[in-house]
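Novice: Mind folding the following:
(chains A and B)
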There are 2 protein chains.
Amino acid sequence: MSMDRKRRKRGGRSRARGAAPGQNPHLEVPYIRRRIPPYEVLDEGSLERILAGADRILAEIGIEFRDDPETVRLFRAAGGEVRDVSANVWNIRFEPGLIRALLKTAPATFTQHARNPANNVQIGGDATVFAPAYGSPFVMDLDRGRRYGTLEDFRNFVKLAQMSPWLHHSGGTVCEPTDIAVNKRHLDMVYAHMRYSDRAFLGSVTAPERAQDNIEMCRILFGADFVDRNCVIMGNFNSTSPLVWDGISTRGIRAYAAANQGSIHLPFLLGGAVAPLTMAGAIAQNLAESMVGCALAQLVRPGAPVVLASFLVTLAMRSGSPTFGTPEPAIGSLVMGQLARRLNLPLRNAGSFTTSKLPDGQAMQQSMMSMLSAVQSGGNFILHAAGFLDGLLSMSYEKFVMDADVCGALHAYLAGFEVTEDTLGFEALAEQGPGAHLFGCAHTMRHYKTAYWDSGFTDDQTWEAWDEAGAEDGMARANRLWKARLAEYQPPPMDAETDAALRDFIARRKASMEDAWY
Amino acid sequence: MSMDRKRRKRGGRSRARGAAPGQNPHLEVPYIRRRIPPYEVLDEGSLERILAGADRILAEIGIEFRDDPETVRLFRAAGGEVRDVSANVWNIRFEPGLIRALLKTAPATFTQHARNPANNVQIGGDATVFAPAYGSPFVMDLDRGRRYGTLEDFRNFVKLAQMSPWLHHSGGTVCEPTDIAVNKRHLDMVYAHMRYSDRAFLGSVTAPERAQDNIEMCRILFGADFVDRNCVIMGNFNSTSPLVWDGISTRGIRAYAAANQGSIHLPFLLGGAVAPLTMAGAIAQNLAESMVGCALAQLVRPGAPVVLASFLVTLAMRSGSPTFGTPEPAIGSLVMGQLARRLNLPLRNAGSFTTSKLPDGQAMQQSMMSMLSAVQSGGNFILHAAGFLDGLLSMSYEKFVMDADVCGALHAYLAGFEVTEDTLGFEALAEQGPGAHLFGCAHTMRHYKTAYWDSGFTDDQTWEAWDEAGAEDGMARANRLWKARLAEYQPPPMDAETDAALRDFIARRKASMEDAWY
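Specialist: From the prediction side, this is the model:
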């Protein structure tokens, strides 16, 4: 894999495949430009009814805001109808169309810059960006089982992502580094992304002052002027469904927007618990909550980069447990894609979701159903693309390897194919006529270097060869692979002065506060 | 699962879910009527160029026919330009549009009748029918590993399919019963479908006289008049790619068409070996071969039911091994769907394909990519929907359970969702307003019985509960499940006289010939 990575830097397209598996230099890109159209599953009338449903929620029920008077002030000034619910709690209703009008200043696409400009990513439009899973308290591998994540695990996942040509973005909280105090983690996490990766990343937004710290670190890395003019960090902000935005999120959104940085506006909609269990209603609610977050960013700084987002989850009706990678959210993700295009906003949705506790058949079947919906929907920023296990409670080393390989296959999928005189290959069949094999024909020789996705994970041997080699299953193979890749890791170069400045900032911030675990 | 099956017979839709997992009576149907549109990936111009490419192959290279002068006579009479290649080998070229004109008599949809009329299936149009994998010489389970299939295995898979509410059709050669002589297997196989299932099935077409035997058995089961007027059996006929139809297939096609029975016309296109390795070319060739098979059936008996088919397979360029469940054929299957709609013919394509040797993460990831393409393409008859492992060399008991469960999830997927006042669920959110959960609201109570696919296979427990219960992986769970289901199997009732007549026919046919192993 590291070979592939080096090849890309040198301009892989002209180079041939070697004998080792997993070499697809012709598919390596900083982010995907989709060459197949998205899957349109709902008709126009249904889409309009969902948008009207979102408008009705905003106009007749309203959104509750907590602990952030400035956000309330901004929405009141923009025309929201504010009602006091209790001390520091407000309900704001928005007349139909008001929020959508506020979204008109939001960019349809923007660039998130990486410290290596070759790894800049486009967010929105025909671009798709894959990033690792986000937020698991536990990590898991075959050797040590499930355990709380540490900063070492965090660094490992940043390194594994950096080494994969099929991820484009370093993600954010790739696992919770639970060995670091909660009020200091955000410093170590963002430093790990900056130091061990040269791709774009997400900040940690568990408190507004932490969000601010991460932006300061970006000013050190990129320069303050550059940060004011460009998006170099994004934050993922959660609403408190149903229909609540609390102050921790809204103050974070305001901090990011004020600094011209990207904000992702994500409801976590567990149907039947915090959203209607009929998908149409969940999506209307999703739109209402996410659009309001995006609108807040526009009020703070018109033109600030924002991302509409959805995370649709079903429930096991017998137990009340959430279920991931199920069919209804897969359809829901496709519809979210249709709606994001109507709103002309970038979209984050779905990922490699599963409820399985091991990277087994269930895990990969559910992940594939979910992940295909994400890419078929035209989703732009696909967080949770690799490592997701156990309903997001665990980040799995083995599943990370499997998922990253699937991300590679999706590069080939989203490339579709062209129908030209050359690709129709008439000459290939005409060369020797009916009944003759095509192994050596000119058309085959011309295309074999770029034909077909070549997986670096799947086993394609004969049964006999596989059996003789030890009859390994996918989990054992992935276990070997992540260790081998981690052993090969080389950090991307970083200017020593910048590194020292970052370390100094972190040391000062850490010294300024006692450890806190909330 | 047998509970579900009984419930369906009694009209499951009105019944509530119980406490056991895997109960979705509201989704149980004899076959699926798709309620989401197919995925249109190629533009009109590209589709036209592929159709023109197929026409060019037929006009300028032609199709080779072997050992069947009657087929040559039929095509010559219809306007084909016949050229003798050698004794019993002919090349026939067809002017552009000729073959498509011959297909005008083919029905866009037809019904395949089952001995239980409640299990009749529609082939074509908005119908999707799932059937088990077809043709593996080996079977595999966790206890005994890989071994040659036997008649007992064959019966077991027929029984497992019959017990799943998520398969609609009993399939054909669910595994090769290698303990029975090759020239007599077709009798035991079709008898097993007739006796242990009450669903529709495929005949065995390894030789024209065997195809004829199976049709005779259908006349005993359904009555000769009924068989002449209705499709009660289908045969899957393979071309010998590239661009050859041999006499074993064409004589079988003629036998089926003459009897008004359904024929599926399948090229097996391993790209780079027997087809161009650019997908556009493989699909043009696929169309050329499959359309010619369908046209032959129309020449024998205009209006005979036919199915266009594709089986697109990629190659590992390093080893020359076929690879299954890869991204390019997934796109190819979607395009085949677009082309079948243009030709107004029913389509068979894809299935739960994989190259993995175990029902592990690789197996289910590849299967899901392939299977989703089949259903998203609008494919009508999805053979290989369950059990496929090891590049079709092995039929797996455990994967059968996993795949059948995925087939269930696809029932929910293909149902899509409606956007109505009710499903928008405004009242669910309005009832208690922002911040309140929705567990007990009226909308939730009204919908929870039919909300969300409830899997009978996936594990949705908490990690702690799963760990305490033995930390079982998907393979071990599937192993338990197939044994439990097989133990519960009850054969559907069959009239004793019919059964005796079938057994008598088989006995006479077997006595009439020596065992042969080819």
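Novice: State the mean pLDDT of stretch A:341-357.
Specialist: Here stretch A:341-357 scores 97 as its mean pLDDT.
Novice: Direction included, what does the strand ranked longest in chain A pair up with?
Specialist: Assignment by DSSP state E gives strand A:306-315 as the longest strand of chain A. If you go by DSSP bridges, strand A:306-315 pairs up with strand A:262-266 (parallel), strand A:268-270 (parallel), strand A:322-323 (antiparallel), strand A:347-349 (parallel).
Novice: ok and the helix or strand just after the third one relative to strand A:306-315, angle-wise?
Specialist: Just to be clear, that refers to strand A:322-323. Downstream of strand A:322-323, the next assigned helix or strand under DSSP states H and E is helix A:327-343. Between helix A:327-343 and strand A:306-315, the angle comes out at 160 degrees (axes from the mean of the first three to the mean of the last three C-alpha atoms, to 10 degrees).
Novice: Remind me what helix A:327-343 packs against, helices and strands.
Specialist: Under the contact criterion of 3 or more C-beta pairs under 8 Å, 6 or more residues apart in numbering or on different chains; DSSP states H and E, helix A:327-343 touches helix A:44-56, helix A:279-300, strand A:306-315, strand A:347-349, helix A:361-376, helix B:397-415. Heads up, the C-betas are built off the backbone N, CA and C, glycines and all.
Novice: got the angle between it and helix A:279-300?
Specialist: Using the same axes, to 10 degrees, the direction of helix A:327-343 lies 40 degrees away from that of helix A:279-300.
Novice: Tell me who's in contact with A:Val375.
Specialist: For A:Val375, the contact set (C-beta atoms under 8 Å, 6 or more residues apart in numbering or on different chains) comprises A:Arg34, A:Thr128, A:Ile382, A:Leu410, A:Tyr413, A:Leu414.
Novice: Tell me the one among those nearest to chain B.
Specialist: A:Tyr413 (3.8 Å; C-beta to the nearest C-beta).
Novice: neighbours of the closest one, just the number please.
Specialist: Other residues lying near A:Tyr413 total 24 when counted by other C-beta atoms under 10 Å in any protein chain shown.
Novice: Name the nearest residue to it, sequence neighbours excluded.
Specialist: Excluding its sequence neighbours, the residue lying closest to A:Tyr413 (C-beta to C-beta, 6 or more residues apart in numbering or on different chains) is B:Pro327, at 3.8 Å.
Novice: Give me the local confidence score for that neighbour.
Specialist: For B:Pro327, the pLDDT comes out at 98.
Novice: That one is in contact with A:Trp453, isn't it?
Specialist: Yes: with contact defined as C-beta atoms under 8 Å, B:Pro327 counts as touching A:Trp453 (5.2 Å).
Novice: Common neighbours of these two, please.
Specialist: A:Ala409, A:Ala412.
Novice: quick one, which of these two is more surrounded?
Specialist: Using other C-beta under 10 Å as the criterion, B:Pro327 and A:Trp453 rank with B:Pro327 on top: 25 against 21.
Novice: what's around A:Asp43, how many residues?
Specialist: A:Asp43 - counted by other C-beta under 10 Å - has 12 other residues nearby.
Novice: Tell me the spacing between it and B:Val232.
Specialist: According to C-beta to C-beta, to the nearest Å, A:Asp43 stands 38 Å off from B:Val232.
Novice: and the residue most central in space within chain A, what is it in contact with?
Specialist: The centroid of chain A falls nearest to A:Leu383 when counting by C-alpha atoms, centre = their mean (1.5 Å). Contacts were defined as C-beta under 8 Å, 6+ apart; by that measure A:Leu383 touches A:Ala131, A:Pro132, A:Ala133, A:Tyr134, A:Gly171, A:Gly172, A:Leu202, A:Asn236, A:Ile264, A:Arg348, A:Gly351.
Novice: A:Val139 belongs to a strand, doesn't it?
Specialist: Yes: assessed with DSSP: H, G, I helix; E, B strand; the rest coil, A:Val139 lies in a strand.
Novice: List the contacts of it.
Specialist: A:Arg146, A:Arg147, A:Tyr148, A:Gly149, A:Thr150, A:Asp153, A:Cys175, A:Ser394, A:Met395, A:Ser396, A:Tyr397.
Novice: Spell out which parts of the stretch 101-250 of chain A neighbour chain B.
Specialist: Counting by C-beta under 8 Å from any C-beta of the partner chain, the stretch 101-250 of chain A comes close to chain B at A:Phe138, A:Arg146, A:Thr240, A:Pro242, A:Leu243, A:Val244.
Novice: Swap in 10 Å and give it another go.
Specialist: Within reach of chain B by C-beta under 10 Å from any C-beta of the partner chain, the stretch 101-250 of chain A has these residues: A:Phe138, A:Met140, A:Gly145, A:Arg146, A:Thr240, A:Ser241, A:Pro242, A:Leu243, A:Val244, A:Trp245, A:Asp246.
Novice: Those in helices, which ones?
Specialist: Among these, no member falls in helices (DSSP state H).
Novice: out of these, who's nearest chain B?
Specialist: Closest to chain B, out of all of those and judged by C-beta to the nearest C-beta, is A:Leu243, at 3.7 Å.
Novice: neighbours around the closest one, how many?
Specialist: By other C-beta under 10 Å, neighbour count at A:Leu243 equals 25.
Novice: OK, contacts around the closest residue to it other than its chain neighbours?
Specialist: Nearest residue to A:Leu243 in three dimensions, chain neighbours excluded: B:Pro434, at 3.7 Å (C-beta to C-beta, 6+ apart). By C-beta atoms under 10 Å, 6 or more residues apart in numbering or on different chains, the residues touching B:Pro434 are A:57, A:61-66, A:85, A:89, A:91, A:240-245, A:289.
Novice: How much space separates B:Pro434 from A:Leu58?
Specialist: According to C-beta to C-beta, B:Pro434 and A:Leu58 sit 11 Å apart.
Novice: residues shared between the contacts of those two?
Specialist: Listed as contacting both B:Pro434 and A:Leu58 by C-beta under 10 Å, 6+ apart are A:Leu243, A:Glu289.
Novice: coming back round to it: quick one: buried ones out of the residues of the stretch 101-250 of chain A next to chain B?
Specialist: A:Phe138, A:Met140, A:Arg146, A:Thr240, A:Ser241, A:Pro242, A:Leu243, A:Val244, A:Trp245, A:Asp246 (16 or more other C-beta atoms under 10 Å in any protein chain shown).
Novice: next one: phi and psi at the closest residue to the fifth one other than its chain neighbours?
Specialist: Excluding its sequence neighbours, the residue lying closest to A:Ser241 (C-beta to C-beta, 6+ apart) is A:Val274, at 4.1 Å. Its backbone dihedrals place A:Val274 at phi -120, psi 10, with angles given as degrees, to the nearest 10.
Novice: surely A:Val274 meets B:Leu438?
Specialist: Yes: counting by C-beta atoms under 10 Å, A:Val274 touches B:Leu438, with 6.6 Å between them.
Novice: Show me whatever sits in contact with both of these two.
Specialist: Going by C-beta under 10 Å, 6+ apart, residues that sit against A:Val274 and also against B:Leu438 are A:Ser241, A:Pro242, B:Leu429.
Novice: What number of residues are in the vicinity of A:Phe457?
Specialist: The number of residues near A:Phe457, taken as other C-beta under 10 Å, comes to 21.
Novice: part of a strand, is it?
Specialist: No: secondary structure of A:Phe457, determined by three-state DSSP: coil, with no strand assignment.
Novice: Next up, the contacts around it.
Specialist: A:21-22, A:401-406, A:408-409, A:474, A:477-478, A:481, B:361-362, B:365.
Novice: For A:Ile99, give me its contacts.
Specialist: Contacts of A:Ile99 by C-beta under 10 Å, 6+ apart are A:54-55, A:58-59, A:63, A:75, A:78-80, A:287-288, A:291-292, A:294-296, A:298.
Novice: near chain B, which of those show up?
Specialist: Of those, the ones that also sit near chain B (C-beta under 10 Å from any C-beta) are A:Ala54, A:Ile63, A:Ala288.
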